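> Structure for the following, please:
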Amino acid sequence: MTADWILDQLSLLSPGFWLALSVVTLPLTYVLGRRVGARLKPWIGVLRWTLIPFAALLSGGLSTRFAGLTKINWAATLNLGVIIFMLTAAVGIAIRIMRMTSEEPRMPPPQQESRLSARRWAYGPLSILWLGAEQLHWCFVRGAIWEMLVTWPTGPVESSAYRTLWLSTLLLLPEIWLQPISFQQRLLKASLLLVTAVTFFYTLNFWLCWAISATLWLLIAGPLPAAPGHSNADSMQQAPALKTERG
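Numbers count the residues shown, from 1 in each chain. As a prediction, the model looks like this:
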């Protein structure tokens with residue numbers, strides 16, 4: 001590794017700068033999240049997830065191809081990608097059916113059921129947006145590491161895509177464990193990280209990764225639909241609106 005390459009990575013035009021900025025801002029957003037209100041707290045992480053990748057893309061510090069936004073491998077997407085999506089959806093549906101059959105039916109007051117219904121309607125769109133922001137962050141980290149490996153001063157690193165898969169996963173797992181969500185939701189997020197990492201490795205498709213992440217999260221962690229004599233009060237408490245980092 002040469003000094004010139006290290007200095008180049010400190011430039012706004014290099015992925016190393018934006019990756020380092022993302023790592024540095026994690027504890028800062030954690031501290032800031034503890035100082036703001038509960039309503040603003042989830043959006044602190046969303047801003048970090050979106051602003052840094054967008055700034056990297058706009059400045060030319062990260063290629064849109066490495067971020068999975070352009071030059072997508074459509075052949076792999078329509079073959080292996082569709083298979084992965086269908087398998088994860090099947091797993092999500094199976095788990096959701098198990099939740100629905102194990103949920104104890106209750107009859108809440110009409111006013112409470114009305115509020116729960118409104119929360120159910122808001123949960124889906126907000127979760128999809130938050131998951132999209134998080135997936136953009138994940139693809140940004142993968143893309144930044146990948147681009148750094150292929151521009152290594154001694155030449156492109158062998159099996160750079162494969163190494164990117166594991167390096168990015170190891171870097172992102174601690175972020176998931178810092179999120180103020182339940183242990184089960186952290187396990188689900190970690191599973192989503194692994195599934196989308198493999199999907200990204202073969203397809204270079206951010207959009208497919210987003211679709212897989214949103215589908216599996218809503219099926220497994222989303223609130224159950226209301227039914228006669230059935231309340232979602234417990235499920236809404238167990239699956240709150242998607243939160244982001246503590247900072």
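
> going forward, measure contacts and count neighbours with C-alpha atoms only.
Fine.

> what sits against the closest residue to residue 8 other than its chain neighbours?
Once flanking residues are discounted, residue 8 sits nearest to residue 14: 6.7 Å by C-alpha to C-alpha, 6 or more residues apart in numbering. Counting by C-alpha atoms under 8 Å, 6 or more residues apart in numbering, residue 14 touches 8, 60, 61, 62.

> And the pLDDT for residue 14?
Note for residue 14: predicted pLDDT of 91.

> re the thing from before, the contacts of residue 14, buried ones only, as a PyMOL selection?
Remark: buried members of these, expressed as a PyMOL selection using 16 or more other C-alpha atoms under 10 Å:
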select buried, resi 61+62
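
> doesn't residue 85 make contact with residue 212?
Yes. Shown here, residue 212 and residue 85 form a contact pair, counting by C-alpha atoms under 8 Å, at 5.8 Å.

> For the residue nearest to residue 8, give its distance to residue 220.
38 Å (C-alpha to C-alpha, to the nearest Å).

> All the helices of the protein, in order from the start?
Taking DSSP state H, the helices of the chain run over residues 3-9, 15-35, 41-59, 74-76, 82-102, 110-150, 160-178, 183-203, 206-221, 233-238.

> Any idea how far stretch 15-23 is from the middle of the chain?
Stretch 15-23 has its C-alpha centroid displaced from the chain centroid by 18 Å (C-alpha atoms, centre = their mean, to the nearest Å).

> ok, residues contacting stretch 56-71?
12-15, 17-18, 72, 136, 139-140, 142-144, 146-147, 200, 204-207.

> pLDDT value on residue 3, please?
75.

> what's near enough to touch it?
Contacts of residue 3 by C-alpha under 8 Å, 6+ apart: none found.

> pLDDT at residue 100, what is it?
83.

> What about it, how many residues nearby?
A count of nearby residues for residue 100, using other C-alpha atoms under 10 Å, gives 15.

> picking that back up, and among the helices of the chain, the most buried is which?
helix 206-221 (a mean of 22; mean count of other C-alpha atoms under 10 Å).

> tell me what it is packed against?
helix 82-102, helix 110-150, helix 183-203 (3 or more C-alpha pairs under 8 Å, 6 or more residues apart in numbering; DSSP states H and E).

> of these, which approaches residue 36 most closely?
With C-alpha to C-alpha as the criterion, residue 36 lies closest to helix 110-150 of those, at 18.6 Å.

> For the closest one, what does the pLDDT average out to?
The model assigns helix 110-150 a mean pLDDT of 79.

> Could you do stretch 37-57 as well?
On average, stretch 37-57 scores 88.

> Stretch 76-89 too?
96.

> Quote the end-to-end distance of it.
18 Å.

> Show residues contacting that stretch.
199, 202, 203, 205, 208, 212, 215, 216, 219.

> again, only using 10 Å
73-75, 90-95, 192, 195-196, 198-200, 202-205, 208-209, 211-213, 215-217, 219-220 (C-alpha atoms under 10 Å, 6 or more residues apart in numbering).

> can you pull the contacts of residue 25?
So residue 25 contacts 31, 45, 48, 52, 247 (C-alpha under 10 Å, 6+ apart).

> Next: residue 161.
Contacts of residue 161 by C-alpha under 10 Å, 6+ apart are 142, 143, 145, 146, 147, 149, 150, 167, 200, 201, 202.

> same check, this time on residue 156
146, 147, 148, 149, 150.

> would you list the residues you listed in JSON lines and tack on distance to residue 36?
Compiled in JSON lines, the contacts of residue 156 are given as follows (distance: C-alpha to C-alpha, whole Å):
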{"residue": "146", "distance to residue 36": "35"}
{"residue": "147", "distance to residue 36": "35"}
{"residue": "148", "distance to residue 36": "35"}
{"residue": "149", "distance to residue 36": "38"}
{"residue": "150", "distance to residue 36": "40"}
